[in-house]
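Visitor: Sequence and predicted structure are below.
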Amino acid sequence: MITAVDTNILLDILIPNAQYAQTSKQFLDKALAEGALVIGEVVYAELASQFPTKQELDKFLSETQIRRESSSAEALHRAAEAWKMYKKTRGDKLQCSKCGRKQRVTCPGCGETIAARQHILSDFLVGAHALVQADRLLTRDLGYYQSYFGNLQLLTSE
């Protein structure tokens, strides 16, 4: 079984006193016991901000037995398709990353709807990479991935 790992799981482990550190570590260990761990280039780039040098990041990945795997053309195309769907349907509601529910938020001062771009293309690259190049994704962003990658098997630490 190949498990793609989302950045949030690894940051839980790397950031001292992170709320989900213990649970994320347990799920990462479980996934490793069941097979291989992989990350795509987006997760690698996001993790790089937590390390002073490339060598230290590569050492962390080696020690945790996580390999970096470049996204295939198929994964990139799937990311683009999901991104197009998101842009078309996102509207002015914010989406819960846990359950996927969307709600409108208004400014208490003037009553205008507060709109935010919750997801960027890199989120879709992570999901598509996992869908095409792994058997499942270890993440805490259930609602989002269920909404845009319905066939993606999710393993969650939450």
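Guide: The structure has been received and is ready for your questions.
Visitor: Do me a favour and get the backbone dihedrals for Gly111.
Guide: For Gly111, the backbone dihedrals (degrees, to the nearest 10) come out as phi 90, psi 0.
Visitor: List the residues that contact it.
Guide: For Gly111, no residue meets the contact criterion (Cβ atoms under 8 Å, 6 or more residues apart in numbering). (Glycine included, C-beta is placed from N, CA and C.)
Visitor: so who does Met1 touch?
Guide: Per Cβ under 8 Å, 6+ apart, neighbours of Met1: Ala31, Glu34, Gly35, Ala36, Asp135, Arg136.
Visitor: do the same with Asp123
Guide: Applying Cβ under 8 Å, 6+ apart, the residues contacting Asp123 are Asp141, Tyr144.
Visitor: Looking at the contacts of Met1, state which has the most neighbours.
Guide: When neighbours are counted by other Cβ atoms under 10 Å, Ala31 leads these with 24 neighbours.
Visitor: Skip the chain neighbours and tell me the closest residue to it.
Guide: Thr3 (4.0 Å; Cβ to Cβ, 6 or more residues apart in numbering).
Visitor: One more: Ile9?
Guide: Ser24 (4.7 Å).
Visitor: Could you check how far that neighbour is from Ala31?
Guide: Separation of Ser24 from Ala31 (Cβ to Cβ, to the nearest Å) stands at 10 Å.
Visitor: helix or strand right after the longest helix along the chain?
Guide: As assigned by DSSP state H, the longest helix anywhere in the chain is helix 73-89. Once the chain leaves helix 73-89, the next helix or strand it forms, by DSSP states H and E, is strand 94-95.
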